[in-house]
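here are the coordinates; sequence isn't available:
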């Protein structure tokens with residue numbers, strides 16, 4: 001399945017937009033559209049690994065209670081059980097590809113491949 005990221009970019013003024021791009025039985029691919037000032041609170045997934053890959057922009061990402069600044073072309077891997085989150089503290093929108101494996105059992109409606 002080919003996914004053209006720019007076809008899915010959509011920002012929400014009230015909160016970070018989380019857009020499901022594709023889901024298989026073993027992983028899920030999401031696009032996070034994060035406007036300046038928006039965030040995803042630190043949280044954990046007991047049984048899922050998560051990979052954030054910054055496509056555009058930059059921001060602060062937390063991993064195990066420590067902050068990392070990620071820019072376009074950089075990724076962060078959060079293993080299952082490790083606290084993680086993000087905050088767009090810049091002036092530009094941030095686009096992030098997110099891989100979650102295995103996919104959430106209650107995951108958003110997504111395109112099945």
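Good, I have the coordinates. Nothing here was measured: the structure is a model prediction, and the numbers come from that model.

okay, the residue nearest in space to the middle of the chain: pLDDT?
The centre of the chain sits closest to residue 98, judged by Cα atoms, centre = their mean, with a distance of 3.9 Å. Note on residue 98: pLDDT of 98.

for it, what are its contacts?
29-32, 50-53 (Cβ atoms under 8 Å, 6 or more residues apart in numbering). Quick note: C-beta positions are derived from backbone N, CA and C, even for glycine.

which strand residues sit across from it in the sheet?
For residue 98, the beta-bridge partners under DSSP bridges are residue 30, residue 52.

what do you get for residue 17?
Legend: beta-bridge partners of residue 17 under DSSP bridges are residue 33.

wait, it touches residue 8, no?
No: using Cβ atoms under 8 Å, residue 17 is not in contact with residue 8, being 9.4 Å away.

more neighbours, those two?
Neighbours were counted for residue 17 and for residue 8 using other Cβ atoms under 10 Å; residue 17 has more, 19 against 15.

hang on, the earlier thing: in PyMOL, select just the buried ones from the contacts of residue 98.
For the buried members of the contacts of residue 98, the matching PyMOL selection, counting by 16 or more other Cβ atoms under 10 Å, is:
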select buried, resi 29+30+31+32+50+51+52+53
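
which one among the contacts of residue 98 gets closest to residue 4?
residue 31 (11.0 Å; Cβ to Cβ).

now for that closest one: which residues touch it?
Neighbours of residue 31 in contact, by Cβ under 8 Å, 6+ apart: 5, 8-9, 18-19, 21, 95-98.

now do residue 80
By Cβ under 8 Å, 6+ apart, the neighbours of residue 80 are 45-49.
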